[in-house]
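**Q** A predicted structure for the sequence below; I have some questions about it.
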Amino acid sequence: MNLPNSVTKIIQGLEDGTFSSQELTEAYLNRIDNLDPEINSFITVCHERALLDAKNADKSRSNGSASKLTGVPYANKDIFCTKGVRTTSGSKMLDTFISPYDATIVERLGSQGMVMLGKTNMDEFAMGSSNETSFYGQVNNPWNTNCVPGGSSGGSAAAVSAGFTPLATGSDTGGSIRQPAAFCGISGLKPTYGRVSRYGMIAFASSLDQAGPMGRSVEDLAHLLSPMAGYDPKDSTSSMVKTDDYSGNLEDALKGKTIGLPKEYFSTSLDRQVEGVIEEAIKEFEKLGANIVEISLPTTSLSIPAYYVISSAECSSNLSRYDGVRYGHRCELPIDIEDLYKRTRSEGFGEEVKRRLLTGTYVLSSGYYDAYYRKAQQIRRLIKDDFANAFTQVDAVISPTAPTTAFEAGKHLDNPIEMYLGDCFTVASNLAGLPALSIPAGFVSGMPVGLQLIGSYFQESKLLTLGHMFQKSTNWHQHFSRDDSKGAQ
Amino acid sequence: MPITEKEVREIAQLARISIADKDMSSYEDQLNKILAFVDEMKAIETEGIIPLAHPLEETQKLRNDKVSEKNQRESYQSVAPTTENGLYLVPQVIE
């Protein structure tokens, strides 16, 4: 079968009976089997389970107990615990870990009748911006397989881009949904901190981590966000603010909406051609009736240093749980408890994870806490205040998602700082806890460019409307990296 | 002030990570680069600013002290490297 190119068409086809969920699921599984060896976007593919879920979905459709998303295939980033299916977080440490329970979002999407095709590749414990730190090998960008797909949700982004799945979940601690979405030419949303439950999502930096949807269009994102969002008593930081009808409010005139252009984001580190693409996109928003104003976010330049202190500190604390005792890797024949801890952790963690654990341990250690951790948290407040001030004048802030298009694999591996600097436009919204959307805005030398829109707290609906109206008048989101008609048989 | 190899060893001990001698200079070099980079934070005066630990500054929610989960020891221990009689096994800690 020819795969439908949007979730709306999939829902329509399942409702009309044009195809069954079993036919659809089989087509996506075939495509993964035939084409993913070149991309490596999946760590685990769940052939049998997916076909069984699809069969059950078709049954619910025929007996009238289906919901809108029943039978729609999707993939989970391998950071989300899935009962009975291996969950690795891209690490040797969890190579054989089979979770005894489902993450809340996995449970929620499953109860909608959605069909999980498999678990996608990612940077180890979500630490990375290129998907090169995965224990399961790097992921290749479907637009140019010599380039990285971005990270850490690089597997999810590449899989959606290549048409291996219509939707995927991701997680975003400093840009890990938005930057790979930009590099692979798809749409991705990091919701407000606390909008989506973190229960069962393997922790990296708990005050920054947030799960979100990835798909080809904003309309597709809205379909997936609706069941993901909402209060979860199992996550103590989950918000009780009520959710919106994300799919129902996509159409709205942009006349009267004000979009802020932060002057600090258009600095020397930004690739000139990427800047050109963003300028064209800004003109498009003006044509749609939006009012563009220049704003200032003065603490911007300190967001990366503050982010690396806070995220490393939190990860050094979170990852202390990997000690070889309760689950995960354990070294052979430990001679004493110290040996058990040290060898287990040295064997189980990759280099980038160790680097961050050491950084985090240092900034939290006695005598350095005030100079690093406390200082970073003070800067975090200034960054939040900058945005609060901006949102008194504007509905959203616009910027590129990343300063360049996807770079070649291996380019930044020896220089972690260079890699960190690529997150300059994305980390601030994690520090402030704000929702942010990345959508395709054009191409530079055949590689996609992402546009970022940051909104105020719990304004996901407003961001999705801005993105959807842009996609209604442009077709950048309809450029696909792989022909949808191939490899599904 | 750059950190020394001795300090890197101390941090690694705190983090319970062992670093092979051949990798030591590379870790020392990269940690120093990262710390020099985050030192850019010193460029801004933050005296008197209250640190922000949580983006929404919400207080932790309390729930009634009622048992809501059933005991799942067997299922949770099924993924453990070694257990015996419902206990996790580790090398002897107390002589």
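**A** That came through, no problem.
**Q** Leaving out sequence neighbours, find the closest residue to residue A:286.
**A** For residue A:286, ignoring the flanking residues on the chain, the nearest one in space by CB to CB, 6 or more residues apart in numbering or on different chains is residue A:292 at 5.8 Å. In short, each C-beta sits where N, CA and C put it, glycine included.
**Q** Three-state assignment for that neighbour, please.
**A** Applying DSSP: H, G, I helix; E, B strand; the rest coil to residue A:292 yields a three-state assignment of strand.
**Q** Could you report the distance from it to chain B?
**A** Distance of residue A:292 to chain B, computed by CB to the nearest CB, to the nearest Å: 27 Å.
**Q** What is the burial count for that residue?
**A** 16 (other CB atoms under 10 Å in any protein chain shown).
**Q** With residue A:89 instead?
**A** The burial count assigned to residue A:89 is 31, neighbours taken as other CB under 10 Å.
**Q** can you tell me which residues contact the closest residue to it other than its chain neighbours?
**A** Nearest non-adjacent residue to residue A:89, counting by CB to CB, 6+ apart: residue A:202, 4.5 Å away. Residues counted as contacts of residue A:202 (CB atoms under 8 Å, 6 or more residues apart in numbering or on different chains) are A:79-81, A:87, A:89, A:94, A:125-126.
**Q** In strands, which of these appear?
**A** If you go by DSSP state E, the contacts of residue A:202 have nothing in strands.
**Q** Can you lay out those residues as JSON lines showing pLDDT and distance to residue B:59?
**A** Formatted as JSON lines, those follow (pLDDT from 0 to 100; distance: CB to CB, whole Å):
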{"residue": "A:79", "pLDDT": "98", "distance to residue B:59": "27"}
{"residue": "A:80", "pLDDT": "98", "distance to residue B:59": "27"}
{"residue": "A:81", "pLDDT": "98", "distance to residue B:59": "27"}
{"residue": "A:87", "pLDDT": "98", "distance to residue B:59": "31"}
{"residue": "A:89", "pLDDT": "98", "distance to residue B:59": "30"}
{"residue": "A:94", "pLDDT": "98", "distance to residue B:59": "33"}
{"residue": "A:125", "pLDDT": "98", "distance to residue B:59": "29"}
{"residue": "A:126", "pLDDT": "98", "distance to residue B:59": "27"}
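**Q** and which of those residues is nearest to residue A:320?
**A** Distances from residue A:320 to those, taken as CB to CB, are shortest for residue A:125 (12.7 Å).
**Q** Now for the closest one, how many residues are close by?
**A** 30.
**Q** Test my guess that it contacts residue A:87.
**A** No. The criterion here is CB atoms under 8 Å, and residue A:125 misses it with residue A:87 at 12.0 Å.
**Q** backbone phi and psi for the residue in chain B positioned nearest to chain A, please?
**A** Residue nearest to chain A within chain B (CB to the nearest CB): residue B:55, separated by 2.5 Å. Torsion angles at residue B:55 (phi, psi; degrees, to the nearest 10) stand at phi -60, psi -30.
**Q** next one: residue A:195
**A** According to degrees, to the nearest 10, residue A:195 has phi -70, psi -40.
**Q** Excluding chain neighbours, what is closest to it?
**A** Closest to residue A:195 by CB to CB, 6+ apart is residue A:229, at 5.3 Å.
**Q** Next, work out how far apart the one you found and residue A:69 are.
**A** 14 Å (CB to CB, to the nearest Å).
**Q** Show me what the one helix or strand residue A:50 maps to is packed against.
**A** Assigning secondary structure by DSSP states H and E places residue A:50 in helix A:47-62. The contact analysis (3 or more CB pairs under 8 Å, 6 or more residues apart in numbering or on different chains; DSSP states H and E) places helix A:47-62 against helix A:21-35, strand A:115-120.
**Q** which stretches of the chain have low pLDDT?
**A** In the absence of a named chain, this looks at chain A. Across chain A, residues meeting the criterion (pLDDT under 70) sit at A:268.
**Q** what sits against the residue lying farthest from the centre of it?
**A** Relative to the centre of chain A, and counting by CA atoms, centre = their mean, the farthest-placed residue is residue A:335 at 41.0 Å. Contacts for residue A:335 (CB under 8 Å, 6+ apart) come out as residue B:91.
**Q** in what helix or strand does it lie?
**A** Going by DSSP H and E, residue A:335 is not part of any helix or strand.
**Q** Next one: it from residue B:13, what distance?
**A** In terms of CB to CB, residue A:335 sits 17 Å off from residue B:13.
**Q** Run a quick neighbour tally on the residue in the stretch 251-400 of chain A that chain B sits nearest to.
**A** For the stretch 251-400 of chain A, the residue closest to chain B is residue A:377, as judged by CB to the nearest CB, at 3.4 Å. By other CB under 10 Å, the residues close to residue A:377 number 22.
**Q** List the contacts of the residue lying closest to it once chain neighbours are set aside.
**A** Setting aside the residues directly before and after it, residue A:377 is nearest to residue B:51 in space (CB to CB, 6+ apart), at 3.4 Å. If a contact means CB under 8 Å, 6+ apart, then residue B:51 has A:374, A:377-378, A:380-381 as its contacts.
**Q** and the residue of the stretch 301-450 of chain A found nearest chain B, how many neighbours?
**A** The nearest approach of the stretch 301-450 of chain A to chain B comes at residue A:433, 2.5 Å away (CB to the nearest CB). Neighbourhood size, residue A:433 [other CB under 10 Å]: 25.
**Q** Not counting sequence-adjacent ones, nearest residue to it?
**A** residue B:55 (2.5 Å).
**Q** got a list of what the one you found touches?
**A** Residue B:55 neighbours (CB under 8 Å, 6+ apart): A:193-194, A:207, A:384, A:431-434.
**Q** show me what contacts the nearest residue to residue A:224 once chain neighbours are set aside?
**A** Excluding its sequence neighbours, the residue lying closest to residue A:224 (CB to CB, 6+ apart) is residue A:213, at 3.7 Å. The neighbours of residue A:213, taking CB under 8 Å, 6+ apart as the test, are A:167-170, A:188-189, A:220-221, A:224-225, A:228.
**Q** Tell me the one of those nearest residue B:7?
**A** Checking these one by one against residue B:7 (CB to CB), the nearest turns out to be residue A:170, at 36.5 Å.
**Q** which other residues reach stretch A:444-451?
**A** Against stretch A:444-451 from outside (CB under 8 Å, 6+ apart): A:141, A:143-144, A:147, A:178-179, A:181-185, A:271, A:273-274, A:277-278, A:281, A:398-402, A:405-406, A:438-443, A:470, A:476, A:479.
**Q** Now the buried members of those.
**A** Neighbour counting by 16 or more other CB atoms under 10 Å in any protein chain shown classes A:141, A:143, A:147, A:178-179, A:181-185, A:274, A:277-278, A:281, A:398-402, A:405-406, A:438-443, A:470, A:476 among those as buried.
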